[in-house]
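J.: Could you look at this predicted model? Sequence included:
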Protein chains: 2
Amino acid sequence: MSAEHLQIGLLGFGTVGRGVYRILTGNGESVKQKIGAGVTIKKILVRNMDKDRGIDVGPAKFTTRVEDIIDDPEISIVVEVMGGTEPTLDYVSRALQNGKSVVTANKDMIAAHGKQLFELSEANNADLLFEASVAGGIPIIRPLKQCLAANRISQVIGIINGTTNYMLTKMTEEGSDFDDVLREAQAKGYAEADPTADIEGYDAARKLAILASIAFNSRIGLDDVYVEGITRITAADIAYAKELNYTIKLLGIAKETADGIEARVHPTLIPHHHPLAAVNDVYNAIFVTGDAVGDTMFYGQGAGELPTASAVTADIMDAARDLLRSVPGIISCTCYEEKPVKDMGATLCKYYIRLNVADRPGVLASIAYAFGDKEVSLASVLQKQTDTKNAEIVLVTHLVREQNMQEALEIIKHLSSVNEVSNIIRVEGE
Amino acid sequence: MSAEHLQIGLLGFGTVGRGVYRILTGNGESVKQKIGAGVTIKKILVRNMDKDRGIDVGPAKFTTRVEDIIDDPEISIVVEVMGGTEPTLDYVSRALQNGKSVVTANKDMIAAHGKQLFELSEANNADLLFEASVAGGIPIIRPLKQCLAANRISQVIGIINGTTNYMLTKMTEEGSDFDDVLREAQAKGYAEADPTADIEGYDAARKLAILASIAFNSRIGLDDVYVEGITRITAADIAYAKELNYTIKLLGIAKETADGIEARVHPTLIPHHHPLAAVNDVYNAIFVTGDAVGDTMFYGQGAGELPTASAVTADIMDAARDLLRSVPGIISCTCYEEKPVKDMGATLCKYYIRLNVADRPGVLASIAYAFGDKEVSLASVLQKQTDTKNAEIVLVTHLVREQNMQEALEIIKHLSSVNEVSNIIRVEGE
């Protein structure tokens, strides 16, 4: 490896790959100044050599053989921007085994296979950097691992999916319905043709698993994360929330509590004055509370070609610095503990509950009795008539055990005066 | 230096020093796990050995001789938390000359003497880390130097003084006057007995000089920063701003433009929907725009014992990691360019102008004529009668050269119908 120049290989040349190419081409001189060496993309793995990519790279850089990158002794950093886990996991593992530093934007692979990859990176003394895997361009992995390292982190709460934040923002600003907003988001390219991973919360769950693992120094798997999407949020819920001075956001919430780690993704009412409530459209933000630093928040674009490539390129520069000083792996896996994960039934939350009931005397009393019996204490009650026979009741509780809430709802659901439990949404940030 | 243990010395044991002591004591085990070595405070420089500091450190750690720290071969990291530049600059210089890594929270020293200190740190191959010098606990120096390193930064806009942000928040929420709010801030300990450095903007200017130097890779001195404090902001300005959908904040603004770098601290109207508008009380936030990442923001507590100590301790951990791997100085000074600083008269801004005028026909026309003559184009006009004879006119301009604005005001000030130019405040963030 020459001290004046580092060669890197890209696995994949989709949106993010092209962004990395553009940054290294456009800002190459300042990259060189900052790390003390130039960085050149030597090879790019693609499936189809002839595809028009709308960017002039020159055919000589492309290859369809992964070995031209992961086995090339001149390439010291492998940048994985192809996504998925198959065959990506195999490629990245082999690159690490060959002692290459690896930079990846792949949340699926890190969330599902982080442990084995970090073991490989440590065994081979190679950097494995993944800033872009969570919240695109927003610096959050390195701030958690370094800048906030002196803290015992108590919670990480994030808006970490741009698609659903765009949809909820539109619903809030325009009073529109879920289905209309989804169609609009798809038309604008913010939501995919199959929007399941976004609207059902799975994308956010992968990012939360990564954030929680770093924040609490203990590996949190995807299976440890409770997941609930936004498909049941209606214009009515948004309007009631507003009336009660709340905004509805899809949040990834991870907390360390005395009886274990909580990790959950679900729609959430947060008070208007909370910093996360002002995070709108496709923007992401991660709110972190530490015992020394107090509350902090990191805000920016969570996706997109150049924002994500900004994070990937910063990781390339860090990996390059480490290689030039011969200290790859200086900051490695930080999961040195094994903390228990709390059962969802044991979590404490406040709840917003919307009920459709028969509008007759004694109904509220029977509902309040059922809640009281399960130790669910109510903080506020709104009642609105919907037609001559029925009314809508919106309740907000104090802190209550999830298990008790579910038991109370089971009883309320079967009360003769209750037509429907229309929705139940957790409340945070008070 | 033992691989299992690092010894550090503190210069000073005021608020921040005690915070560092508390964190290293309370979170010592996790610090050790994360960096692979324990960190112990060996000596603390104080002026008075016998003072009761409300914390049980044991007298053996205290010394009044700086040589016991900066000349002790067992001490590898010197942590400067005494503040000021006299004799601090001398102590820190000698520590660097002795090859010690230095961590400092001292914005005055870095803003005024950064160049010579970074030269010393490079010559002696020693880390010089200063995350805590700007915005207390908020990670911003390292994010700028590393996480956003792939970007060409176009602007940094920050609420970087907690005292004035607290005061402006109170004035906004309660409609109170400047003097009342200042007294309240002093009573709560948020403002000092002599509040000059805060309310006149000097504190923010020092931090902005540091931020701009890093963001634009070119040293910006204190003298390069235009400074205007908040003492002329009245309850009336706050109320008019609100009516026009703006919030008034004291901002530090640094921009790279085609004809040089702008660096200015002044009260500013920003639109309600701007992320900085929601940053209230003593909280700080830094809004950074890069060509790849787009808009990002870093939010948190900009001062206080533990938040500031969180940043200092993170720097200690980074310095320790670098020492343990024998790579101190891996990220050093990034001012590798010498960009010109723009003359204030050449900056382009929008302006809010409040005038007290005689309430008679033709007044607005003469004012509008004077502005038009100097190519100042108006975006909005509000007029309110104040008594039977006088009226208040509030104008907001489009983008205009500062020099033209000053010339127009000079003429308007002398119009017979104008009683007073009551205030002029710049507008940003649209």
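T.: Received the coordinates, thanks.
J.: A:I44: helix or strand, and which one exactly?
T.: strand A:38-45 (DSSP states H and E).
J.: For the helix or strand that that strand is followed by, what is the distance to the chain centroid?
T.: Once the chain leaves strand A:38-45, the next helix or strand it forms, by DSSP H and E, is strand A:62-63. Centre-to-centre, strand A:62-63 and its host chain are 32 Å apart (Cα atoms, centre = their mean, to the nearest Å).
J.: Describe which strands strand A:62-63 pairs with in its sheet and in which direction.
T.: If you go by DSSP bridges, strand A:62-63 pairs up with strand A:38-45 (parallel).
J.: Which residue ranges make up the domains of chain A?
T.: Using the TED database, the domain ranges for chain A come out as A:5-136+A:305-325, A:143-301, A:344-427.
J.: any residues touching the strand holding A:I44, and which ones?
T.: With contact meaning Cβ atoms under 8 Å, 6 or more residues apart in numbering or on different chains, strand A:38-45 is reached by A:4-13, A:17, A:20-21, A:24, A:28, A:31-32, A:57, A:61-66, A:68-69, A:72, A:74-75, A:82, A:316-317, A:320. The way it works is simple: take the backbone N, C-alpha and C, and place the C-beta from them, glycine included.
J.: list the buried ones in that strand?
T.: A:G38, A:V39, A:I41, A:K42, A:K43, A:I44, A:L45 (16 or more other Cβ atoms under 10 Å in any protein chain shown).
J.: And for stretch A:367-377?
T.: Within stretch A:367-377, the residues that qualify as buried by neighbour count (16+ other Cβ under 10 Å) are A:I367, A:A370, A:F371, A:K374, A:V376.
J.: In space, what's closest to the third one - neighbours in sequence excluded?
T.: Once flanking residues are discounted, A:F371 sits nearest to A:A408: 5.1 Å by Cβ to Cβ, 6 or more residues apart in numbering or on different chains.
J.: dump the residue contacts of the one you found.
T.: Counting by Cβ under 8 Å, 6+ apart, A:A408 has contacts A:A370, A:F371, A:D373, A:K374, A:V376.
J.: ok, back up a step: chain center to the strand holding A:I44: distance?
T.: Per Cα atoms, centre = their mean, the centroid offset for strand A:38-45 relative to its chain is 29 Å.
J.: likewise stretch A:96-116?
T.: That offset, for stretch A:96-116, works out to 17 Å (Cα atoms, centre = their mean).
J.: Next one: that stretch, is it in contact with chain B?
T.: No: Stretch A:96-116 stays out of contact with chain B when judged by Cβ under 8 Å from any Cβ of the partner chain, the minimum separation being 11.6 Å.
J.: pull the CA atoms of that stretch into PDB?
T.: Coordinates of the C-alpha atoms in stretch A:96-116 are reproduced here as PDB (Å, rounded to 0.1, in the frame of the first residue of the first chain):
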ATOM      1  CA  LEU A  96     -12.600  -9.300   6.100                       C
ATOM      2  CA  GLN A  97     -10.900 -12.700   6.100                       C
ATOM      3  CA  ASN A  98      -8.500 -11.200   3.500                       C
ATOM      4  CA  GLY A  99      -7.700  -8.400   5.900                       C
ATOM      5  CA  LYS A 100      -9.600  -5.700   4.000                       C
ATOM      6  CA  SER A 101     -11.200  -2.900   5.900                       C
ATOM      7  CA  VAL A 102     -15.000  -2.900   5.200                       C
ATOM      8  CA  VAL A 103     -17.400   0.000   5.000                       C
ATOM      9  CA  THR A 104     -21.100  -0.900   4.700                       C
ATOM     10  CA  ALA A 105     -24.400   0.900   4.500                       C
ATOM     11  CA  ASN A 106     -26.300  -2.400   5.000                       C
ATOM     12  CA  LYS A 107     -28.600  -2.300   8.000                       C
ATOM     13  CA  ASP A 108     -30.200  -5.700   7.200                       C
ATOM     14  CA  MET A 109     -26.800  -7.400   7.300                       C
ATOM     15  CA  ILE A 110     -25.500  -5.600  10.400                       C
ATOM     16  CA  ALA A 111     -28.700  -6.100  12.300                       C
ATOM     17  CA  ALA A 112     -28.900  -9.800  11.500                       C
ATOM     18  CA  HIS A 113     -25.300 -10.800  11.300                       C
ATOM     19  CA  GLY A 114     -23.400  -8.100  13.100                       C
ATOM     20  CA  LYS A 115     -21.900 -10.500  15.700                       C
ATOM     21  CA  GLN A 116     -20.200 -12.800  13.300                       C
END
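J.: Mind giving me the packing neighbours of the helix or strand of chain A with the lowest mean pLDDT?
T.: Between all helices and strands in chain A, the lowest mean by mean pLDDT, DSSP states H and E belongs to strand A:378-385, at a mean of 91. The contact analysis (3 or more Cβ pairs under 8 Å, 6 or more residues apart in numbering or on different chains; DSSP states H and E) places strand A:378-385 against helix A:363-373, strand A:390-397.
J.: Show me what the first one is packed against.
T.: The helices and strands touching helix A:363-373, judged by 3+ Cβ pairs under 8 Å, 6+ apart, are strand A:348-358, strand A:378-385, strand A:390-397, helix A:402-413.
J.: remind me which residues of the stretch 1-150 of chain A are low pLDDT?
T.: A:1-3 (pLDDT under 70).
J.: residue ranges for the helices of the stretch 51-200 of chain A, please.
T.: A:67-70, A:88-97, A:107-123, A:141-142, A:162-174, A:178-187, A:196-199 (DSSP state H, counting those that start in this stretch).
J.: what helices or strands is the fifth one leaning on?
T.: Put plainly, it is helix A:162-174. Using 3+ Cβ pairs under 8 Å, 6+ apart, helix A:162-174 sits against helix A:178-187, helix A:196-199, helix A:235-243, strand A:246-257, strand A:283-290.
J.: Can you mark which positions in the shortest one are buried?
T.: Buried residues in helix A:196-199, counted by 16+ other Cβ under 10 Å: A:A197, A:D198, A:I199.
J.: Which among the domains of chain A is found nearest to B:V357?
T.: domain A:143-301 (37.3 Å; Cβ to Cβ).
J.: Span of the closest one from start to end?
T.: One end of domain A:143-301 sits 16 Å from the other (Cα to Cα, to the nearest Å).
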